[in-house]
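Q: Structure for this input, please:
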Amino acid sequence: ISKAKVNSFTLISDTNYIASNAGRVARALFEICLKKGRAGAALKLLRIAKSVDKRIWWFQSPLRQFEGELQSNVFRALESRDRESKTSEYDAYDKILFLLDMQPGEIGQLCRWQKGGHKVKKLVQYLPFLEIYC
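A: The predicted model follows:
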């Protein structure tokens, strides 16, 4: 998940095995917690399972999927803003949606990359978003 570099062939093989099975194990434990009525543990295991599958931690910005296109200070700025807000009950994905309502200049100031505001806005628009009203 943390994208650590492994050099040894045997460690690469073991890492791939763990990465392919860790998501299944976490989902199985999630199902067990759901059946036993343990909502708190189920939520934590669901977050772990999603993190393993997506290879990104739930508290990291979903824009990390575009690491090759954005500067690292953009991620740090957005994630430090999330930590300061102290609303840890939601995933980072929920916290990034506020960028959809901002202008590219404002996003550039927030991310400390004035020229990249347009690019960040474009990449946020690539993230799927579904709003349902009842």
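Q: Quick check: what element follows the helix or strand bottoming out on mean pLDDT in the chain along the chain?
A: Ranked by mean pLDDT, DSSP states H and E, the weakest helix or strand in the chain is helix 92-96, scoring a mean of 71. Note on helix 92-96: by DSSP states H and E, the next helix or strand toward the C-terminus is helix 104-111.
Q: Give me the average confidence score over the helix ranked longest in the chain.
A: When the chain is parsed with DSSP state H, its longest helix is helix 9-36. The average of the pLDDT scores along helix 9-36 is 90.
Q: How about stretch 100-110?
A: Stretch 100-110 comes out at a mean pLDDT of 88.
Q: Touching it from outside, list them.
A: With contact meaning CB atoms under 8 Å, 6 or more residues apart in numbering, stretch 100-110 is reached by 77-78, 81, 99, 114-118, 120-121, 124-125, 129. The way it works is simple: take the backbone N, C-alpha and C, and place the C-beta from them, glycine included.
Q: Pull the number of nearby residues for E67.
A: Here the count is done by other CB atoms under 10 Å, and E67 has 13 residues near it.
Q: need the contact list for the nearest residue to it once chain neighbours are set aside.
A: Spatially, and ignoring its direct neighbours in sequence, E67 is nearest to F75 (7.8 Å; CB to CB, 6 or more residues apart in numbering). Counting by CB under 8 Å, 6+ apart, F75 touches 60-61, 63-64, 67.
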